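Undergrad: all I have is the shape, not the residue letters:
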């Protein structure tokens, strides 16, 4: 396969014995991707975000733009091996995790085979994904909507209520 690009979202909300706090886990995961031949081209800042659902603790989240000759299923399998090498175990959906690596977008457009669907089904609704994606690939277009990552981020921000703090009298 020719080299293609991917946007990958990273998340962690559990400490790791060797890598420490969740932000350290993400930095180590990016290094692990590079060590297995995934070309890491751009890396977002690591952000702290509140947990979604019953995960409990807040997350460290980031995104990377990578290039690889692997097709989407092969890249997903490699990312899942990296997760397992960090101690990720099958568990309940939305639970705490030491590492989560999700392919969000692929330069080849759409993919639907087995458990993998690209673009990721929920990314347009998740600020913790769109914020770091907009940092590394703001002009990347969603193949289903035609909107750029930056446009999707702005749409979501406009749709979300703004927390203005406690009411003042």
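TA: Arrived safely, thanks for sending. What you see is a predicted model; the values in this text were computed from it and never measured.
Undergrad: could you say what helices and strands the lowest-mean-pLDDT helix or strand in the chain packs with?
TA: Every helix and strand of the chain was ranked by mean pLDDT, DSSP states H and E. The lowest is strand 47-49, at a mean of 90. Judged by 3 or more Cβ pairs under 8 Å, 6 or more residues apart in numbering; DSSP states H and E, strand 47-49 is in contact with strand 59-68, helix 127-136. Using the backbone N, CA and C atoms, a C-beta is placed for each residue, glycine as well.
Undergrad: how about a cut-off of 10 Å?
TA: For strand 47-49, the helices and strands in contact under the criterion 3 or more Cβ pairs under 10 Å, 6 or more residues apart in numbering; DSSP states H and E are helix 22-35, strand 59-68, helix 127-136.
Undergrad: mind giving me TSV with those and columns for mean neighbour count and mean pLDDT?
TA: Shown next, in TSV, are the helices and strands packed on strand 47-49 (neighbours: other Cβ atoms under 10 Å; pLDDT from 0 to 100):
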stretch	mean neighbour count	mean pLDDT
helix 22-35	19	96
strand 59-68	23	96
helix 127-136	22	96
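Undergrad: in TSV, list the ones you listed along with distance to residue 156.
TA: Formatted as TSV, the helices and strands packed on strand 47-49 follow (distance: least, Cβ to Cβ, whole Å):
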stretch	distance to residue 156
helix 22-35	22
strand 59-68	15
helix 127-136	6
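Undergrad: which of those sits closest to residue 86?
TA: Nearest to residue 86, of all these, is helix 22-35, at 6.6 Å by Cβ to Cβ.
Undergrad: flag every buried residue along the next helix or strand after that closest one.
TA: Counting by DSSP states H and E, the element after helix 22-35 in chain order, helix or strand, is strand 39-43. Going by neighbour count (16 or more other Cβ atoms under 10 Å), the buried part of strand 39-43 is residue 43.
Undergrad: got it, and stretch 67-85?
TA: The neighbour-count check on stretch 67-85 (16+ other Cβ under 10 Å) flags 68, 70, 71, 72, 75, 76, 78, 79, 82, 83 as buried.
Undergrad: now residue 108: closest residue in space that isn't a chain neighbour?
TA: Leaving aside its chain neighbours, residue 108 sits nearest to residue 4 (5.4 Å; criterion: Cβ to Cβ, 6 or more residues apart in numbering).
Undergrad: and the gap between residue 98 and residue 59?
TA: Taking Cβ to Cβ, to the nearest Å as the measure, residue 98 falls 11 Å from residue 59.
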